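J.: What follows is a predicted protein model with its sequence.
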Amino acid sequence: MFVYKEKHVKTKLISTQQANLLIYFAGWGTPASVVSHLALPDGYDLLICYDYRDLDFPAFDFSRYQTVRLVAWSMGVWVAENVLSEINLASATAINGTPFPKHDEWGIPRQIFNGTLQTLNAENRLKFERRMCGDKQLLNVYLALPEQRPLTEIHYELEVLNTAIEEKHIIPKRHWTNVIIGEKDRIFSAQNQLAFWQDKNVRITQIPKGEHYLWQHFSEWQQLWQS
């Protein structure tokens, strides 16, 4: 049986000693560079969280910040629910994800999730990324991003996530204020996302023709909690 060891989620702090903080939790297997084009609002530092081969959050002093905002994409929604300390948030935005990533009604159907894990190789990774992006042009943009992660690393990461999801039957506690859904998401279906979020007192924004990869629709972080 696969056993995971909890150490630390990887983080990258982009800081100019500002008064406010934005925390971003990445999707499974994706590089931190996915969000490098987004302009930070004045007065914000950025903490990027990615690579979930270990599911413990490193020590971080949130107390020095006046305002903290959260943005999480895909699997990052579940990770944020699990590892982020109980801090006061000015906003929390979930993008194409729910706190139940492996779920027949609210997430990725269990059979599909298990199939991805069991058959993950270079060819099937490319198929997944093609479904994530939706078209060849956007796929090429994604594949050209720096810091792409090796297959062995993201396979192990998915094993860790799968084991943790099966073991940790969480009850979501965080109040998400904003939800952004791609109507054509072929990873985390819009139907399943809406089934979870529709009665949760959140502001839901649907992106027409939006795929699972939505980052090309945004140029500034602030759009993600003001959309």
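T.: Thanks, I have the structure now.
J.: how about the helices in the chain?
T.: 75-83, 110-119, 122-133, 136-143, 151-167, 190-197, 223-226 (DSSP state H).
J.: Single out the most deeply packed of the ones you listed.
T.: helix 75-83 (a mean of 25; mean count of other C-beta atoms under 10 Å). Bear in mind the C-beta positions are built from the backbone N, C-alpha and C, glycine included.
J.: thinking again about what came up before, which one of the helices of the chain lies closest to residue 34?
T.: helix 136-143 (7.7 Å; C-beta to C-beta).
J.: which helices and strands sit right next to the closest one?
T.: With contacts defined as 3 or more C-beta pairs under 8 Å, 6 or more residues apart in numbering; DSSP states H and E, the packing partners of helix 136-143 are helix 122-133.
J.: and for the helix it packs on, what are the contacting residues?
T.: Helix 122-133 is touched from outside by 29, 116, 120, 136, 139, 141-143, 151, 154, 186-187, 211-213, with contacts defined as C-beta atoms under 8 Å, 6 or more residues apart in numbering.
J.: Of the helices of the chain, give the one that comes closest to residue 91.
T.: It is, among the helices of the chain and with distance given as C-beta to C-beta, helix 223-226, at 4.2 Å.
J.: can you give me how far that closest one is from the chain middle?
T.: Remark: helix 223-226 is offset 16 Å from the chain centroid, using C-alpha atoms, centre = their mean, to the nearest Å.
J.: Cool, thanks, talk later.
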